[in-house]
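Asks: Task: produce atomic coordinates for the following.
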Amino acid sequence: MRRLHAIDADLLYAETPTWHLHVGGLVILDPSTAAGGLSFEDWKEHVADRVHRAPPLRERVVDVPFGLDRPLWVADPGFDVDEHVRHVHVPAPGGRHELAAVVGDFAGRKLDRSRPLWEMWYLDELEDGRVAMLVKVHHAVADGVGAALLLASFLDTHVGAAAGSPATAGAPPPERIPSSLELFARGLGSLAVMPLRAARPLGRTVTSAGGILRLRSTMSGSPAMPFRGPRMAFNRPVTAQRSFAFTSVPLADVKAVKNACGSTVNDAVLALCAGALRSYLQAHDALPDAPLVAAVPVSTRGDDDLGAYGNRVSGLFVTLPTDRADPVERLRSSREAADEAKRLYGSGVEDTLIGWADVPPPAAMALGVRLLTWTHLSEGIPPIFNLLVSNVPGSPVPLYLGGSTVTAIHPLGPVLDDIGLNITILSHVDRIAFGLLSCPELIPDLWALADAIPEALDELVSAVG
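Replies: Predicted coordinates:
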């Protein structure tokens, strides 16, 4: 039994009927490398054998009455893997559009909080005889890096890996769920020390604000800040529906571009997002004069918690130079914007924000989010940022599931109310995969934006020769 981290609890209580705060991935598999293929029964047995390797997948949330304190993770005494897996046939002809439609439906469904917060779907009848695995886990359980760790529990680095030990081996022992009275008393105790919790980040806030002001005075450019981006069509309240599109580009081409321009892979990825957005917005006669502002999650994991689950993440704001026509200039601007954001990030602002997240009780977070949603107050001001762009490190070596070769992993990140576009990136062997999530009401042709990403890379490769 353990208490949720402050950020994990906030992500849990920030959900509304239209905000689905889960992360996940689409894993495409080639079963021809597995002896006898990979049927649903084979896949389900593999999942049951491996689930004990990821203890958070056997724990469920126990709420404190009235949201007075952060909830608890408790080993689910009634855990049943059958409640978390599903077999779905992809409609004919089983191409990428049909597959993405199933993923969008999957992403638009909330997780059942009476059980451990994850689901997996086995998808078959894809073209070329391939199958796929869809993974969804609540953001309170894991951030992007943590979700990759959970996924790794089910994957292997060679074809002949053992299926695993019995599903009960290594499982957390059953735990007694505290009574409502015990939890209520615990919540009252937490409220009593809330002023002490507020005192700690208060001092850091003053120090951090001074550091930011000093940094701003030494910067030649204008770093991205919240509420500075233009309001776009996807900066409106989201619905419960989700649309998904995906693509990938050669890692070698991205590395060649970044080497030619003296940047990093992450700079090049940001430039590709900027180029694709510029092309898409131009085609819709919606390109603003000002650049867009992206929120970019940053892992805060240290050497002592590299394998930890939960959220070890902060974030920074980065300008996406959609206003620059020249692709090389977009890459240069992306590098400068990322450098400026990193300097501000190093000022200590991330520790301050994490400290404040631990102050209010979860009930206050839930009430604040719902008031913001019901009143639509955000629509009268510029968006905090325009979109989320998250780059998660992947595996440089081939991966397998039950002997089947993993041919691609396309990640899924959440969209937020008023922030209706998420682009999550994950490298796998020799390719960089992109997963785009939105609402069909906000971006009805998400595939056009996804297809613009490889085109942006081709333009950049041509420009640098």
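Asks: pretty sure Leu134 is in a strand, no?
Replies: Yes - counting by DSSP: H, G, I helix; E, B strand; the rest coil, Leu134 is found in a strand.
Asks: Nearest spatial neighbour of Gly275, chain-adjacent residues omitted?
Replies: Ala456 (3.2 Å; Cβ to Cβ, 6 or more residues apart in numbering). Any C-beta I mention is one placed from the backbone N, CA and C, and that applies to glycine too.
Asks: got it, and Val464?
Replies: Using Cβ to Cβ, 6+ apart, the nearest residue to Val464 is Ala260, at 4.4 Å.
Asks: Identify the bridge partners of Thr247.
Replies: Phe434 (DSSP bridges).
Asks: returning to what we had before: the strand or helix carrying the residue nearest to Gly275 packs against which elements?
Replies: For Ala456, the element it lies in under DSSP states H and E is helix 446-464. Helices and strands touching helix 446-464, by 3 or more Cβ pairs under 8 Å, 6 or more residues apart in numbering; DSSP states H and E, are strand 243-250, helix 251-261, helix 265-283, helix 327-344, strand 431-438.
Asks: if you compare those, which one is most tucked away?
Replies: Each of the helices and strands packed on helix 446-464 was scored by mean neighbour count; the highest is strand 431-438, a mean of 25, by mean count of other Cβ atoms under 10 Å.
Asks: Report the contact partners of Gly234.
Replies: You called it Gly, but residue 234 is Phe. Phe234 makes contacts with Asn386, Leu387, Ile419, Gly420, Leu421, Ser438, Cys439, Leu442, Ile443, as judged by Cβ atoms under 8 Å, 6 or more residues apart in numbering.
Asks: contacting residues around the last one?
Replies: Neighbouring residues of Ile443 by Cβ under 8 Å, 6+ apart: Ala233, Phe234, Ser243, Gly420, Leu421, Leu449.
Asks: rerun at 10 Å
Replies: By Cβ atoms under 10 Å, 6 or more residues apart in numbering, Ile443 lies in contact with 232-234, 243, 245, 280, 284, 415, 420-421, 436-437, 449.
Asks: now swap in the third one and tell me
Replies: If you count contacts by Cβ under 10 Å, 6+ apart, Ile419 has them with 232, 234-236, 238, 294-295, 378, 383-388.
Asks: Go through the residues you listed and name the one with the lowest pLDDT.
Replies: Lowest pLDDT of the contacts of Ile419: Ser378, 69.
Asks: Tell me the confidence at Pro55?
Replies: pLDDT, Pro55: 92.
Asks: still on that earlier bit, return the set of buried residues in the helix holding Ala456.
Replies: 446-447, 449-450, 452-454, 456-457, 459-461, 463 (16 or more other Cβ atoms under 10 Å).
Asks: Pick the one among those closest to Thr264.
Replies: For the buried residues of helix 446-464, the residue nearest Thr264 by Cβ to Cβ is Leu460; the value is 14.2 Å.
Asks: Pretty sure that closest one sits against Arg332.
Replies: No - in this structure, Leu460 is not within contact of Arg332 by Cβ atoms under 10 Å, at 11.3 Å.
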